[in-house]
Structures are given as structure tokens and as C-alpha cells.
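**Student:** sharing a sequence plus its predicted fold:
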Amino acid sequence: TMPVIPTDPKETDPKPTEEPEKKTDPQPDPTEPKAATTMPVIPTDPKETDPKPTEEPKKKTDPQPDPTDQKTNPKPEPTEDQKDSTTLPILPEPTKKITIPPPTPTEPPIRSDDVELVAEDLGNDRYRLRCQLKSGESLSISSSFYNGDELFAEDVSEVEVEASCSEPAWTCRGETYTSDVVLIEPSSITEGVESTVSNYFINEGESVSLAFEGDPFSVPHSAGFYRASRISGLAKISGDENAYNVEVSEAGRYYFIARRCPGDTKSINIGYNVVVKNSDVPIATGNMCSVFGDPNVKTFDGIFYSYNGPCTYVLAMDGTNFSWFIYGMFKDCGDGSACLSDFTVIHYGPTSQNLQIKRGFGINQNGDMVGVREGEEKMFGDDIRITFDGIYLNVDIEEGAVTLSWDGLSFLRITVAEGAPVMGLCGNNNGDPNDDLTSNYYKRGEGESFADTWSLGQDPDRCRQHPVTPLATDQDGNEFSDGALSLIPEESRKAARISEYSVAAGHYSSKAGLNNYLRCAAYRAYVEELKALGYSISRYDVDVGCPSPGQVRLMGVELGCPWTKDNAPFFIPDLFD
């Protein structure tokens, strides 16, 4: 038999490591004679087969017998097979080395304050949206993108979107964060487009084509032509489809308006003024008296003067039969001036009437407040007919013997037949302007003007001693040459007394509050002169910085007649909504 070769654990370990000392049984001396011819079976010890010995936890085990003890473990006799073969010890299989990675540190959650949504303009109203940290670093996780409250894309780092009119709000969101809202709106269509105003003068029966030139934008939400209404607001005249030109034949202020989105305040807005001339109307304005502003008076024969008496005066009266009288009450208003606040119409006949017509178009009839609706006609007695066209309250006495137009605030126009004898602050209508300021209602006292004598007997200390100041006529009237008013030929401008009206408007250094309304009363009186010359002009106020007719009406109501929603003759949104 082969000699027994002792087994050394160091030689069986594929990765030798420093072995801890362990107690082993003493090995016999190979020079000594063997007691047996076969190798003993060596029990396998787990400690010896572990390639990486580690400290084993102590555990309680049953005591094992000592294999060298012949008494307790006698050596068995070898068999014939054992005698004829060599038995080698079975070596344990080496085990794989297991490496346990260290625990990954937990990252703090991303907060809403840490992220931002960035929009990159790609052109043509397309944008790339990217969710990132405010430091500029990319997020380590994907996000979801929302358009308004609707999910657009999830688990992505960026998206490409198109600007929208209906829902421009975008956010990016994660489990622990939501970015601030970013608005992705269509680009403005006004870029490179200048807001201009064009003026057109045509004769009655002619037409003019209004057109928008250029194409600075893709197809907008809406594009078309509008006309400014007589009172306020706009009305579309080019139909429902988009339009870039329109044919018109009526005077007015027109607009081409194009918007990218509904309600877009950044719109293309091009203005057009059209003035129409009726060539059949002669140049004649001698039978019209105007009271306007602070107050200023233009007599029937064309004399302009300013008078600031704060009382009630005879403006005009029948100089033949004394059948009608028109009184005007001047009250303090504006910056240290007075202006017409209401007037009274008195008519004597089979059905005599006494009507006080106030600011805001209220009619005081024997203590009852009466109104006339737009388009309505009301008779007061047999000889006074009142209508309302939305801008002026018109009074007709004795079938046109005298007519009045009142703007409800401070401007009154009185028209009588040419040459009809009249008296009062409006003069005598005899065609001679030189004697307009010489008539008296009563004998003029020392220091009194002719206008003082036409007061109705109130306190002399308050109602008299107010001078009459003629208006200068050396102004060029440039202030009245903007917009539609610039189209009026020079001859007609002079006939309408542009210089005097320009001087009257220039009395007001401030254009704020009520002062601007009084300043613009001069414009209104001037335009009425032009209308008498045959010119049709509408909404000139837009270009000269004056309130619209609707604003004038509202101011008259606020300062004068206390209308309510139940008795008002017209609807006033700013008061009744």
C-alpha cells in the first residue's frame, strides 16, 4: 500500500489566505512502521473547507469521538478492495466570493421651488419645453407635461409644442414638484405694422375702396372692417369671413382690425376717415346761434363773445308776437368758469307749455320728470314736438319756426328762419353783426354789459357786472385740422368760423375731467357749422382727443338728471349694470 500523505488545508485552498491557528492531532512519524496498510478516512471539517475562514459563531454541538482513540474508535480491518487500491481524500469544492455593495445614499426629493419650465423659441409659433433645475442642471428623472389641466406627455425630459390661443398655460410635473406656469401664446401680429389713419373726401353718391396693404402674419383668428357707431363702439361691416378690403359710400370712421386670438389686445388697427360733401347745400350759417363751453356765444349774425354770468338769461325770444321764449341757466363749472346747465322753453298759445330741459335729457313738465327714447317723438301741447336721436334732444316749436338741439351737457344750438326778428343773448338776426351787442332787456346800468340786462331779475350783485369779451379772430385754427377735419376746404373752414372756435377751445389749458368736455364743446359747435355747409362728418372726436358722444351723454346724466333704471329714456350701462 501507498504511504499515507497527510492532508494540508493550505494546499487545498485555491486562494490561500492566512489561516488562523488551529489545534490538530499529532501526525505519526513516517519512519516508524505503520500499524495499517490502508489510509484512514479523514472526516471533512467545514472549517477546513471554507476558502475564506471567518470567525464562526459558537454553537453547541455534541462531542465527537477522537478518531485516534483506539479504545473508542477501533480501526476497521481493511477489505480486499482496500488492500488492492489506493484511497485518496475527497477535497471540498471552492465556493464563489460574494461581494455585498454598500447601501446607496437616499437623495432628497425635488421640490417645486427647485425646478423651472424653460421654453425655447423654434420659430413659427413652435417651442421646445424642457423641465430642469433652476441651477440649469438637468433633472435626474423624467417629468410629465401638462397643457392647462390636460396631460400632454409623460415620462419625458422635453416636448415640442405649438402656441395656442385657447389654452396657452403649460407646466411640468413630477411626484414631488410642479413648475410655475409658462404661457406659450401666439406671437403678436402687430410686429412691423404701423397704426395709421387715412383720410378720404368724396362727394355724395360716390364711394371709396378701403384696403389693408401687406401680409405681415399668417392667417389670423379674424380680420375685417368695422365702423365706429354714432354713439360708441364698433360694428363690423365686412361680414363674417376675413376681409382685407371694403367699399364704402357713407361718412364715418372706419377701421381694419386683425387679431391673432379672440380678444387679443395686440391687434392690427388701421383707421380711415371718410367725409362726404353734398354739393347742393349752399354756404349759409347766419340763422344759427350756438351756446357752448364756459359759456361762449355765437350770435345769429356771427358775433363770437364770452360771458361768465352765473344766472338765468334770455337766450332768444320771439321779437314779433312774443309767442315763445328760451331761457338759459348758467352755473359754475370747470376751472372758475360758468356753463349752460339747462334751458327752459316757454310757448304761449291754445295749449301753452313751460318745459325745463335739463342735463342728461330730463324734461321737467310741471314737476314731473319726462324722457324721450331714441327714435321716439313726443308732443307737448299742439306746438312743441321733441325727438331724440341718441346724441341730441331736438325741440321743434311751431313747425320749424324755431328749433333747438341739446347735447345734454353744455352745448345748445338754436336755429330760426333767416331774418326772423328775435332778441336776447343770441342777437337780433337782422343780418348786421354790428348791432348784436347793443340790445337791452332793461335799461343798462353803469358798468353793466348788454348781456347783464338779459338776466331774469335775480340778485343784481351776483348776476350783473360781468363783461362781454369778444373772441379774437387772429388764430390759424390748426388745432381744428386733425383727422377728418383736415379734409375741409379752406373756403368752408373760414365760412364755419374755424378761428373763433379754435380760440374758444384754447381757453382750457387742461384737457382733464370736465374741462375737456367744455373744450370739446367748441369742436361740436364747429362741426355743426360744417354740417350746415353740407359736410357729413362722423366721429371726428377720435382724432382730436375728445370724449365720444356716449361719454358726453353719460357725463350729462352724472351731473344733471337723476335717472333711475325704471324711468330712464335710454340704457346707460355704466350706471345701470
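**Tutor:** That came through, no problem.
**Student:** could you pull out the helices for the stretch 51-200 of the chain?
**Tutor:** Taking DSSP state H, counting those that start in this stretch as the criterion, the stretch 51-200 of the chain carries its helices at 80-84.
**Student:** so where's it shaky on pLDDT?
**Tutor:** The model of the stretch 51-200 of the chain has pLDDT under 70 over residues 51-98, 101-106, 190-194.
**Student:** as a check, name the ranges of all strands in it.
**Tutor:** Taking DSSP state E, counting those that start in this stretch, the strands of the stretch 51-200 of the chain run over residues 115-123, 126-133, 143-147, 150-156, 158-162, 169-173, 182-183, 197-203.
**Student:** ok, the stretch 401-550 of the chain next?
**Tutor:** Listed in chain order (using DSSP E, counting those that start in this stretch), the strands of the stretch 401-550 of the chain are 402-406, 412-416, 422-423, 469-470, 535-536.
**Student:** which other helices and strands does the longest helix along the chain contact?
**Tutor:** When the chain is parsed with DSSP state H, its longest helix is helix 513-532. Helix 513-532 sits against strand 288-292, helix 498-505, helix 541-544, helix 549-559, with contacts defined as 3 or more CB pairs under 8 Å, 6 or more residues apart in numbering; DSSP states H and E. Placement of C-beta: from N, CA and C, glycine included.
**Student:** tell me which of the ones you listed sits most buried.
**Tutor:** Ranked by mean neighbour count, the helices and strands packed on helix 513-532 are led by strand 288-292 with a mean of 27 (mean count of other CB atoms under 10 Å).
**Student:** residue ranges with poor pLDDT in the stretch 201-350 of the chain?
**Tutor:** 214-220, 263, 265, 281-286, 334-336.
**Student:** again, only using 90
**Tutor:** Applying pLDDT under 90 to the stretch 201-350 of the chain picks out residues 212-224, 230-233, 238-244, 257-269, 278-287, 293-295, 308-311, 331-339, 349-350.
**Student:** cool, and the stretch 351-500 of the chain?
**Tutor:** Using pLDDT under 90, the stretch 351-500 of the chain drops low at 351, 366-371, 373-375, 400, 418, 437-450, 452-453, 456-483, 494-495, 497-499.
**Student:** still on that earlier bit, and the longest helix of the chain, what's buried?
**Tutor:** Buried positions in helix 513-532, judged by neighbour count with 16 or more other CB atoms under 10 Å: 514-530, 532.
**Student:** wait, residue 117 touches residue 174, no?
**Tutor:** No - judged on CB atoms under 8 Å, residue 117 makes no contact with residue 174 at a distance of 11.9 Å.
**Student:** just to revisit the earlier point, looking at the strands of the stretch 51-200 of the chain, which is closest to residue 568?
**Tutor:** Closest to residue 568 of the strands of the stretch 51-200 of the chain, according to CB to CB: strand 197-203, at 35.0 Å.
**Student:** so which elements touch that closest one?
**Tutor:** strand 208-211, strand 268-277.
**Student:** try it again with 10 Å
**Tutor:** Packing partners of strand 197-203 (3 or more CB pairs under 10 Å, 6 or more residues apart in numbering; DSSP states H and E): strand 208-211, strand 252-259, strand 268-277, helix 541-544.
**Student:** pull the CA atoms of it into PDB?
**Tutor:** Extracted C-alpha coordinates of strand 197-203, given in PDB (Å, rounded to 0.1, in the frame of the first residue of the first chain):
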ATOM      1  CA  VAL A 197     -55.000 106.900 -40.300                       C
ATOM      2  CA  SER A 198     -56.000 107.600 -43.900                       C
ATOM      3  CA  ASN A 199     -58.500 110.400 -44.800                       C
ATOM      4  CA  TYR A 200     -60.800 110.300 -47.800                       C
ATOM      5  CA  PHE A 201     -63.000 113.000 -49.200                       C
ATOM      6  CA  ILE A 202     -65.800 112.100 -51.600                       C
ATOM      7  CA  ASN A 203     -68.900 113.700 -53.000                       C
END
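**Student:** for it, buried residues please.
**Tutor:** 197, 199, 200, 201, 202.
**Student:** check stretch 454-469 too.
**Tutor:** Residues of stretch 454-469 classed as buried under the neighbour-count rule (16+ other CB under 10 Å) are 454, 455, 463, 464, 466, 468.
**Student:** swap in stretch 362-379?
**Tutor:** For stretch 362-379, the neighbour count (16+ other CB under 10 Å) marks 362, 363, 364, 370, 371, 372 as buried.
**Student:** closest to residue 443 among those residues?
**Tutor:** Ranked by distance to residue 443 (CB to CB), those are led by residue 364 at 32.2 Å.
**Student:** give me the sheet partners of the helix or strand harbouring the closest one and which way each runs.
**Tutor:** Per DSSP states H and E, residue 364 falls inside strand 363-365. With DSSP bridges as the test, strand 363-365 is paired with strand 353-358 (antiparallel), strand 368-370 (antiparallel).
**Student:** other residues contacting the longest one?
**Tutor:** With CB atoms under 10 Å, 6 or more residues apart in numbering as the contact definition, strand 353-358 has outside contacts at 324-327, 329, 341-348, 362-367, 369-370, 379-384, 386, 393, 395, 397, 404, 406, 408, 412, 556, 559-562.
**Student:** I'd like to know which of those are buried.
**Tutor:** 324-327, 329, 341-347, 362-364, 370, 380, 383-384, 386, 393, 395, 397, 404, 406, 408, 412, 556, 559-561.
**Student:** residue 267 is nearest to which of the strands of the stretch 401-550 of the chain?
**Tutor:** Nearest to residue 267 among those is strand 535-536 (28.2 Å), distances taken as CB to CB.
**Student:** what's the mean pLDDT across the closest one?
**Tutor:** The average pLDDT for strand 535-536 rounds to 93.
**Student:** partner strands of it, parallel or antiparallel?
**Tutor:** Here strand 535-536 is paired, per DSSP bridges, with strand 268-277 (antiparallel).
**Student:** now the strand it pairs with, how far from the centre of its chain.
**Tutor:** 24 Å (CA atoms, centre = their mean, to the nearest Å).
**Student:** ok, and for that strand, which residues are buried?
**Tutor:** Residues 268, 269, 270, 271, 272, 273, 274, 275, 276, 277 are the ones in strand 268-277 that count as buried (16+ other CB under 10 Å).
**Student:** and the angle for that strand with strand 252-259?
**Tutor:** 160 degrees (axes from the mean of the first three to the mean of the last three CA atoms, to 10 degrees).
**Student:** what's the angle from strand 268-277 to helix 513-532?
**Tutor:** Going by the same axes, to 10 degrees, strand 268-277 makes 40 degrees with helix 513-532.
**Student:** number the chain from 20, please
**Tutor:** Right, with 20 as the first residue, what we last looked at is strand 287-296.
**Student:** returning to what we had before: and the longest helix of the chain with strand 431-435, angle?
**Tutor:** If you take the same axes, to 10 degrees, helix 532-551 sits at 30 degrees to strand 431-435.
**Student:** how about the strands of the stretch 70-219 of the chain in TSV, adding distance to residue 499?
**Tutor:** Below are those laid out as TSV (distance: least, CB to CB, whole Å):
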stretch	distance to residue 499
strand 134-142	48
strand 145-152	50
strand 162-166	54
strand 169-175	57
strand 177-181	50
strand 188-192	49
strand 201-202	45
strand 216-222	14
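**Student:** for residue 570, which of the ones you listed is the nearest?
**Tutor:** Among those, the nearest to residue 570 by CB to CB is strand 216-222 (20.3 Å).
**Student:** per-residue pLDDT, residue 536?
**Tutor:** On the pLDDT scale, residue 536 gets 90.
**Student:** contacting residues for it?
**Tutor:** Contacts of residue 536 (CB under 10 Å, 6+ apart): 312, 352-353, 358, 426, 428-430, 527, 530, 543, 565-566, 570-571, 574-575, 578.
**Student:** hmm, back to that, nearest to residue 160, out of the helices and strands packed on helix 532-551?
**Tutor:** Here helix 560-563 is closest among the helices and strands packed on helix 532-551 (CB to CB), at 57.3 Å.
**Student:** thinking again about what came up before, got the buried residues of stretch 381-398 as CSV, with distance to residue 335 columns?
**Tutor:** What follows is the buried residues of stretch 381-398, written out as CSV (distance: CB to CB, whole Å):
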residue, distance to residue 335
381, 22
382, 19
383, 20
389, 23
390, 25
391, 22
